[in-house]
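[1] Pasting the sequence and the predicted coordinates here, then a few questions.
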Amino acid sequence: MTSTRLPWGVSTAAGTVAFTVALAAPVRAHVQYVTPGGDAVDALGFLLGTLADPLNAGLLGGGAVVGAVALLAYLRVRPARHDVLRLRELLAGYGDLLPWLLRLSVGLPLVGAGFAGYLFTPVFTPGPPTLVRLFGIAVGFCLLFGFGTRLVAAVGLLTYLWALARSPDLLLAFEYVPGFLAIGLVGGGRPSADQVIARMAADERTVYSKIDPFYRRVAVPFVERVDSFRRWVPVVLRAGMGLAFVYLGLVQKLANPGDALAVVAKYDLTAVVPVDPALWVVGAGLVEAAVGVALLAGVFVRLSSGVAFLMLTTTLFGLPDDPVLAHVSVFGLVSALLVTGAGPLSFDAWAAREVPDSVPEPPERAVDAGD
């Protein structure tokens, strides 16, 4: 990758923000999980009114300046450099377990959704309920066991896209798109039923290897074709999760301030941090959107993922009736980014070239049709 790709990444992030704003009008976000909503509020007037308050503007502007200065100072001074490198090496060392992490991240919430009777998100419950339950339970358990992993991920993705065409509420669960795509690229990995079956089929001394019509004719050629695209898994994850966070920040908070204010009032959040309720809404929305843009552009991806993980944890502890299962996929995929890092087409990749302290590339591995 050349240094000219960095502006492309930044411009792409800006374009996705504009695209998300265009989608925001007809839809409400995760606040639907904990409150029926609030009064209709003009979004632009609300934002301008909040920023017109000198205290609000000072707190928001001051926070942004402090954050920017801290990041620039880190790039300049690079404190605890060896600690950071060691941490990155340790996290990257879990790469062989990435398929398992991805399967857990998508499979667990799908099983929960199946038993609860909703499809991907608690706000979407199409009929007939029996088929919805069977889909979630069957697809979820197949992913958890790693059985027919890539085929099941494709079925899940197609079902999500079908449901999204029926209801824009499915955008609340957009993280399933990068989740299914990443699983399709990495396969079942280890431990998984696919790996066990593949290794049984690969051993010509077993009876099973002589009767399996699938392994050598389909599985091995398919894996050989797909394997070269595994390096794009970090890009798929951070692009998808970046879009999800930008969407949630703009829609949940900034485009629907009435709903977000209802959440602030319901949980008395101003007693936790005594500021203007409007500042709660705008500040939270801007932070979520900023994390999303950072992921899209690949800027400090592991740090951004850590911030996202902290925000999700705080939300679940602060909102006791928020459905935990609905967020397991986000938790898991953000955790996966801690392992993968930014990957290609990112600011982090550019910075690693300019300041050569990146984690060494992992050794080449043999193709395993059970992956």
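    Yep, that arrived.
[2] buried sites along stretch 48-68?
    Thr50, Asn56, Leu59, Leu60 (16 or more other Cβ atoms under 10 Å). C-beta: built from backbone N, CA, C; applies to glycine.
[3] and if you look at stretch 101-121?
    Burial within stretch 101-121, assessed by neighbour count using 16+ other Cβ under 10 Å, is assigned to 101-114, 116, 118-121.
[4] Now, the residues you listed that are in helices?
    Counting by DSSP state H, the members of the buried residues of stretch 101-121 that fall within helices are 101-114, 116.
[5] Now do the strands for the stretch 51-200 of the chain: every range, in order, please.
    Shown for the stretch 51-200 of the chain, no strands are assigned by DSSP state E, counting those that start in this stretch.
[6] what's the closest residue to Asp194 other than its chain neighbours in contact with, if anything?
    Spatial nearest neighbour of Asp194, excluding adjacent residues (Cβ to Cβ, 6 or more residues apart in numbering): Gly188 at 3.6 Å. Under the criterion of Cβ atoms under 8 Å, 6 or more residues apart in numbering, the neighbours of Gly188 are Pro99, Arg103, Gly146, Phe147, Thr149, Arg150, Asp194, Gln195, Gly370, Asp371.
[7] Neighbours of the first one, how many?
    Meaning Pro99. Other residues within reach of Pro99 by the criterion other Cβ atoms under 10 Å amount to 26.
[8] likewise the third one?
    For Gly146, the neighbour count with other Cβ under 10 Å is 26.
[9] ok now do it, which residues does it touch?
    Taking Cβ under 8 Å, 6+ apart as the contact definition, Gly146 lies against Pro99, Trp100, Arg103, Gly188, Gly189, Pro191, Ser192, Ala193, Asp194, Gln195.
[10] The second one now?
    With contacts defined as Cβ under 8 Å, 6+ apart, Arg103 is in contact with Leu143, Leu144, Gly146, Thr149, Ile183, Gly188, Gly189, Ser192.
[11] Low-confidence ranges, the chain, go.
    Across the chain, the stretches falling below the confidence threshold (pLDDT under 70) are 1-39, 316-323, 354-371.
[12] Scan it for its longest helix.
    Residue-count comparison of every helix in the chain, with assignments taken from DSSP H, identifies helix 54-77 as the longest.
[13] How many residues are close by Gln195?
    Under the neighbour criterion other Cβ under 10 Å, Gln195 is assigned a count of 20.
[14] ok, it touching Val186?
    No - the pair Gln195 / Val186 is not scored as a contact, 11.8 Å apart, by Cβ atoms under 8 Å.
[15] Please identify which helix or strand holds the residue nearest in space to the middle of the chain.
    Within the chain, one residue has its C-alpha closest to the average C-alpha position: by Cα atoms, centre = their mean, that is Met241, at 3.3 Å. Using DSSP states H and E, the element containing Met241 is helix 233-248.
[16] what's downstream of that helix, the next helix or strand?
    Toward the C-terminus from helix 233-248 - assigned by DSSP H and E - lies helix 257-266.
[17] can you tell me the helix or strand for Pro213?
    Remark: Pro213 resides in no helix or strand, with elements defined by DSSP H and E.
[18] Got the phi and psi for it?
    In terms of degrees, to the nearest 10, the main-chain angles of Pro213 are phi -90, psi 0.
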